[in-house]
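In: Curious how this folds, go ahead:
(one chain, ligands or ions: 1)
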Amino acid sequence: MEDKIRPYGPGKFNTILDSYVYQVSLDGGCDDEIGSVDEGGWFGMMRNGRTIFRDHDPLLETLNEAEQELLTTCAGVIIEEDSQGCVYVTYFTADAELDVAWDALQPDKTDYSCNQCQALMINGVYCHETGCPNTHKLKVDGEWVTPETDESGGE
Ligand SMILES: [Zn+2]
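Out: Model (predicted):
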């Protein structure tokens, strides 16, 4: 008996396994995720295929041996859902490959620069130069924004 990775057929997935992995991501959440379908694409990352597999035993029987093998031996997966709702899953054999691919999806991740001064990021906190107008702002998605003051009160 030779099991193969089965194609999903017409639909949003390439393979049966992809649909399984996507379902797991919906149920259990991803280790990390970026973007959203509304903004042109969503990416989710889950580490350790063996864990993905074991956490969701009830669905296990729906996968054949080849599919279980691919999933349990992978270091992790990156799931992409594009703005059309099509889902693509990439399986990585090594943690390093997964990390590189994941970092490549988020070019802003390591951009700690300030557009008004030579800020430094120290232990996760921005240290601006004296007088920098961004000192009390937060960097959100690459934009410096003034934090909303909490006026909702608590009384
Ligand atoms: Zn600054």
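
In: looking at this, residue 116 is in a helix?
Out: No: under DSSP: H, G, I helix; E, B strand; the rest coil, residue 116 sits outside any helix and is assigned coil.

In: Quick one: neighbours of it, just the number.
Out: Residue neighbour count, defined by other Cβ atoms under 10 Å, stands at 15 for residue 116. Backbone N, C-alpha and C define where each C-beta goes, glycine included.

In: likewise residue 31?
Out: Close neighbours of residue 31, defined as other Cβ under 10 Å, add up to 15.

In: show me what contacts it?
Out: Listed by Cβ atoms under 8 Å, 6 or more residues apart in numbering, the contact set of residue 31 reads 45-47, 76.

In: swap in residue 12?
Out: 85-87 are the contacts of residue 12 under Cβ under 8 Å, 6+ apart.

In: Those residues, buried ones only, as a PyMOL selection?
Out: What follows is the PyMOL syntax selecting those of the contacts of residue 12 that are buried according to 16 or more other Cβ atoms under 10 Å:
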select buried, resi 87
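
In: just to revisit the earlier point, including distance to the ion, could the contacts of residue 31 go into a markdown table?
Out: Below are these laid out as a markdown table (distance: Cβ to the ion, whole Å):
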| residue | distance to the ion |
| --- | --- |
| 45 | 31 |
| 46 | 36 |
| 47 | 34 |
| 76 | 36 |
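
In: Serialize these to TSV and add fields for distance to residue 21, pLDDT and neighbour count.
Out: Listed next are the contacts of residue 31 as TSV, based on distance: Cβ to Cβ, whole Å; pLDDT from 0 to 100; neighbours: other Cβ atoms under 10 Å:
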residue	distance to residue 21	pLDDT	neighbour count
45	11	95	21
46	8	94	24
47	13	92	19
76	10	95	24
